[in-house]
Every structure is written in C-alpha cells, then in structure tokens.
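[1] Predicted structure and sequence below. I'll ask about it afterward.
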Amino acid sequence: MGPAVGHAKRNAGPHAVDRLAALLAEDLEAVDALIHHHMVSPVGVIPNLAAHLIDAGGKRIRPLITLAAARLCGGGGDGARKLAAAVEFIHSATLLHDDVVDVSAMRRGRKSANLIWGNSASVLVGDFLFARSFNLMVETGDIQVLDILARAASVIAEGEVMQLAAANDAETTRERYMAIVAAKTAALFAAAAKAGAVCAGRAGAEATALETYGRELGLAFQLVDDALDYGGLSQTMGKNAGDDFKEGKVTLPVVIARDAGDDSERAFWRRVMGGERSDDDFYRAQALLKRHDALAMTIEAAREHADGARRALASLPGNAYSEALAQLPDFVLERAY
C-alpha cells in the first residue's frame, strides 16, 4: 500500500475541485443563479428547505463534471448550464429522500432537513426539485439529454430500492453490492458527464468515453465513502463514522471482512447487520475490518476505478478541461487519508 498511497497524495492535492471550479467560474456562477431562480416558489417552505441543503457547502462535483465535459467537447453555454443545474437538482432531491429513508440527523455538517421540517416536507420538496430538474432539461430543447438524465433518475431510484431491500442482509454478496453502488451513485456521475458531451454535439465516442469516466469516478467515490464510514485510513478526517453500521448497510468493507472471517466473526456480522447491536459493537467491527485489511482493500478497489476513469479520458482531446477532469479521481481517493 505504501507506494500507492504516496501516488494518491502527490497527485491529488487538496484543491482539485477548487481548480476545476476556478476554470469554470463563469459557468458555475451562472449555474448557481439558475439553481436559485428555479428554487423560487410562493410556498415558503420549499425555497427555505431546498436552500438549507443546496447552500450547505456541497462542492457541486456533478454539475462541474457536466460543464467540463461540454467545454472539453467544444460546447458549453446556456444549454450546458441548464443541464448542470438539473444534475444538481437531481442529486439534491435524492439526498433529501435518502435522509428520510435513513432517518439521518446530519447532512453536510448541519442538521438534516428532515430533522428540521419533518419527513413529509423533505419528501415533497425532493419531488419539487425533481420536477424542476425536468423543467431545466426541457428548456434545453434536446431530447437526447432529457433521455440520458431521465433514465439516470429512474436507475438511481432503482438503486435506492435495491439498497433498501439489502439492508440488514448480512449475506449480501460483493456483486450485489457493486450493482447497488453502480445504480444509486455512479449512474448520476455517468449521466452528468455524458449529457455534457451530447449537449456539445458529441453523442458518439466522446460521449461514451465520458460516460465511462463518470461511472468509474462515481464507483470510486462511493467506495471511499464506504471506508470513511468506518474511519477511513486516518483518524483525523473530520467525518463522523458509523452511520452505515447503525443503519445495517452491508458495504464493501463489511463484505470483505465477513468473507475473510471465521464462523464466529460471520455470526457477529449477521447479528449487528440484522439490528442487534450493543454500544461496543462498532469498535469490534472496526477491529475486524483492521484485522482483515478491509478498509485498505476497499480503497484499493476505489483506486482501480479511479484509474479506469483516467484511462477513459485518454481518447479525448487534451485541453485544460480534460486535464482538470483527470485530477478528480485523485481528489476522490485523497478523502480516505
């Protein structure tokens, strides 16, 4: 793991997303204006609740990918900006719904919207944001991008239902879990990148390459999140650990440790994932993950997908936008250290 860890730290730097945002500053400012314009509603709770999440400091990675993909392919402008705003609305809507399903109390370092306004309001405002995303897609007048993002929205919903069905199932296989991740997380990354290319008039090889880039980046992103929930590879990363464990989510680190463990360890995972947990069980879970090198193996799997994202860019034009996108996989990996 030594050389690989060094590679991630050397290339990523803490500001890969900031550099991409600076490159796309004019576009991003326009996207933020579109987002806030389309959040307006005479029903006061809608903009208030939406702003609580959307203005909470998210890095806008997905809309940045859309904007960069469009610029990389020689496009950009109003259409790409509307798609980027639509992507952010889809992402925000899924977060609002997720927090209700997961009974979450925190999101982006502050109280979750469902904790403040209640579950019903969070679900309904999430629906509002989904509707606004489709308004923006229609405004582009491009049926292809409407199809891409509409399909992504349905796949994300399928992934969330798959994850709900797999909750508390300690026998979830690696293959099943990766299918869930591909749907609930990677699908929007893939669609965000592909839509940017299609909007720029590059619906062929360029769109396919960028779709692959987004999918691989999304898989890496989620696997790093899986590791972070158990403390990652550092004790000083500033992220609360244990939410997945408390919710009985069988993520990749658990699958790796379970498959490598003995009968007593597998019995432990069945019990805690099934909902019978004591105050000390999380610490035992962390110890088992450490014993079987499960976090490091999860990060190694994330690294393989990050490498796949970089490889997908190889056939695309070399310019400032492709260079900026090539830095995002290292940023994703660095979050684990």
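    Great, that's in hand.
[2] in the chain, which helix or strand is least confident?
    Each helix and strand of the chain was given a mean pLDDT (mean pLDDT, DSSP states H and E); the minimum falls on helix 2-12 at a mean of 37.
[3] For the next helix or strand after that helix, name the packing helices and strands.
    For helix 2-12, the succeeding helix or strand toward the C-terminus, using DSSP states H and E, is helix 16-23. Contacts defined by 3 or more C-beta pairs under 8 Å, 6 or more residues apart in numbering; DSSP states H and E place helix 16-23 against helix 61-72, helix 320-334. Backbone N, C-alpha and C define where each C-beta goes, glycine included.
[4] Which residue ranges of the stretch 151-300 of the chain form helices?
    When assigned using DSSP state H, counting those that start in this stretch, the helices of the stretch 151-300 of the chain occupy the ranges 174-181, 187-199, 205-228, 243-246, 252-260, 263-273, 281-291, 294-312.
[5] Next, the angle from the last one to helix 205-228.
    Taking axes from the mean of the first three to the mean of the last three C-alpha atoms, to 10 degrees, one finds helix 294-312 and helix 205-228 inclined to each other by 170 degrees.
[6] How about the fifth one?
    Angle between the axes of helix 252-260 and helix 205-228 is 70 degrees (criterion: the same axes, to 10 degrees).
[7] try the second one
    Calculated by the same axes, to 10 degrees, helix 187-199 forms an angle of 160 degrees with helix 205-228.
[8] and helix 187-199, what's its mean pLDDT?
    The average pLDDT within helix 187-199 is 98.
[9] Check the offset of it from the chain's centre.
    Averaging C-alpha positions (C-alpha atoms, centre = their mean, to the nearest Å) puts helix 187-199 14 Å from its chain's average.
[10] Between the helices of the stretch 151-300 of the chain, pick out the one with the smallest average pLDDT, please.
    Across the helices of the stretch 151-300 of the chain, the lowest-scoring stretch is helix 243-246, with a mean of 89.
[11] Identify all contacting residues around that helix.
    Helix 243-246 has contacts (C-beta atoms under 8 Å, 6 or more residues apart in numbering) with 102, 104, 226, 229-230, 251, 272, 277, 281-282, 285.
[12] So which of those residues is the closest to Asn48?
    Ser104 (18.8 Å; C-beta to C-beta).
[13] Which residue comes closest to that closest one once chain neighbours are left out?
    Ser112 (4.9 Å; C-beta to C-beta, 6 or more residues apart in numbering).
[14] Got phi/psi on that neighbour?
    phi -70, psi 160 (degrees, to the nearest 10).
[15] Also Arg107?
    The phi/psi pair for Arg107 (degrees, to the nearest 10) reads phi -150, psi 120.
[16] and it, how many neighbours does it have?
    As a burial measure, Arg107 scores 19 neighbours (other C-beta atoms under 10 Å).
[17] All the strands of the stretch 51-200 of the chain, in order from the start?
    106-107, 110-111 (DSSP state E, counting those that start in this stretch).
[18] ranking the ones you listed by burial, who's on top?
    For these, the largest average neighbour count (mean count of other C-beta atoms under 10 Å) is found in strand 106-107, namely a mean of 16.
[19] Identify the residues contacting that one?
    53, 56, 95, 99, 112-113, 240.
[20] Any of the residues you listed buried? List them.
    Among the contacts of strand 106-107, the ones that count as buried by 16 or more other C-beta atoms under 10 Å are 53, 95, 99, 112-113.
[21] ok, so of the residues you listed, who is nearest Cys73?
    Looking across those and measuring by C-beta to C-beta, the closest to Cys73 is Leu95, at 28.4 Å.
[22] Give me the distance between that closest one and Ala179.
    Note on Leu95: its distance to Ala179, by C-beta to C-beta, to the nearest Å, is 21 Å.
[23] So which of the helices of the stretch 151-300 of the chain is nearest Val17?
    It is, among the helices of the stretch 151-300 of the chain and with distance given as C-beta to C-beta, helix 205-228, at 11.7 Å.
[24] Flag every buried residue along stretch 305-313.
    305-306, 308-310, 312-313.
[25] what distance separates it from the centre of its chain?
    So, by C-alpha atoms, centre = their mean, the centroid of stretch 305-313 is 16 Å from its chain's centroid.
[26] quick one: contacts of that stretch?
    In contact with stretch 305-313 (C-beta under 8 Å, 6+ apart) are residues 209-210, 212-214, 216-217, 219-220, 223, 322, 325-326, 328-330, 332-333.
[27] and what of stretch 27-41?
    For stretch 27-41, contacts defined as C-beta under 8 Å, 6+ apart pick out 21, 46-47, 50-51, 54, 60, 63-64, 67, 71, 76, 80-82, 84-85, 88-89, 128, 132, 135-136.
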